[in-house]
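Enquirer: model the following, please.
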Amino acid sequence: MNRPPWFFDEPAHAGAEHLDPAYVAAYDRKAQTDPSSDLARLQRLGLDDTSTLVDFGAGTGTFALAAAPACGRVVAVDASAAMLDMLRDRARRMGLINIDAAHSGFLTYTHQGAPADFAYSRNALHHLPDFWKSLALERVAATLRPGGIFYLRDLVYSFAPEDASRVIDGWLARAPARPEEGYTAADLATHVREEYSTYSWLLEPMIARAGFEIRDAEYPSAVFAAYTCVRR
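Expert: Here you go, the predicted structure:
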């Protein structure tokens, strides 16, 4: 597929460490992600063994691998070949045969087959600036059937601009001191400085404009949000 010279390079903005096999090997220990509550939510919303689920920014497959036994088909989409190599290896060792790994990003994934019933993304959309987020959300919507569910969790800022210093300094102050315990203050500072988290009051209209109805919005802290969205 030919792309114009102004097209966004998702792998180049995914974070160099996410393309590094040595970093990827220790990624799950650092991320400390538990997929169980997200999977349970989707099952309450109707996910079952007839469903197709597309996981955007699947990483090493923590969610995709947990969801596969509950789905008919899972497509794990990620811009990092190193992440997908680990995902494929883990799927083989677990005997899972209903996972397709797609080396793509939000902006380049082309869905094959019938429209998906569910889409999922956790802590991946923030790698895109807002112009590209809007296009990405439209592409996510295009993968889903009408009535399909998109569950989005990400680093989203639900505070006023004048509170930025207080909120961000407080967030960094609560970070673990050691990298093996999670994301440190230096890691979080890099996120704020170099990545593209969006204010909730900007992101939510983007979601609606892309063709979704936000059925539920949660703000577990001033820097995280979760949205249950239904494709119109």
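
Enquirer: show me where the protein has its strands.
Expert: 52-56, 73-78, 99-103, 116-122, 144-157, 198-199, 212-221, 224-231 (DSSP state E).

Enquirer: which of the ones you listed sits closest to residue 131?
Expert: Closest to residue 131 of the strands of the chain, according to C-beta to C-beta: strand 198-199, at 11.1 Å. (Glycine included, C-beta is placed from N, CA and C.)

Enquirer: hmm, back to that, next, format the strands of the chain as TSV and append mean pLDDT and mean neighbour count.
Expert: TSV is the format used below for those (pLDDT from 0 to 100; neighbours: other C-beta atoms under 10 Å):
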stretch	mean pLDDT	mean neighbour count
strand 52-56	98	27
strand 73-78	98	26
strand 99-103	97	19
strand 116-122	98	24
strand 144-157	98	20
strand 198-199	98	18
strand 212-221	98	14
strand 224-231	98	20
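
Enquirer: could you redo these as JSON lines and give each row distance to residue 136?
Expert: Shown next, in JSON lines, are the strands of the chain (distance: least, C-beta to C-beta, whole Å):
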{"stretch": "strand 52-56", "distance to residue 136": "8"}
{"stretch": "strand 73-78", "distance to residue 136": "11"}
{"stretch": "strand 99-103", "distance to residue 136": "15"}
{"stretch": "strand 116-122", "distance to residue 136": "9"}
{"stretch": "strand 144-157", "distance to residue 136": "11"}
{"stretch": "strand 198-199", "distance to residue 136": "12"}
{"stretch": "strand 212-221", "distance to residue 136": "12"}
{"stretch": "strand 224-231", "distance to residue 136": "13"}
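
Enquirer: and the residue lying farthest from the centre of the chain, what's its pLDDT?
Expert: Centroid-distance maximum for the chain: residue 162 at 27.8 Å, with C-alpha atoms, centre = their mean. You'll see residue 162 listed with a pLDDT of 98.

Enquirer: report the buried residues of stretch 2-9.
Expert: residue 8 (16 or more other C-beta atoms under 10 Å).

Enquirer: quick one, helices of this structure?
Expert: Taking DSSP state H to define them, one finds helices in the chain at 10-13, 21-25, 27-31, 36-44, 62-67, 81-94, 130-143, 164-173, 185-194, 200-209.

Enquirer: and residue 161, how far is that from residue 192?
Expert: 13 Å (C-beta to C-beta, to the nearest Å).
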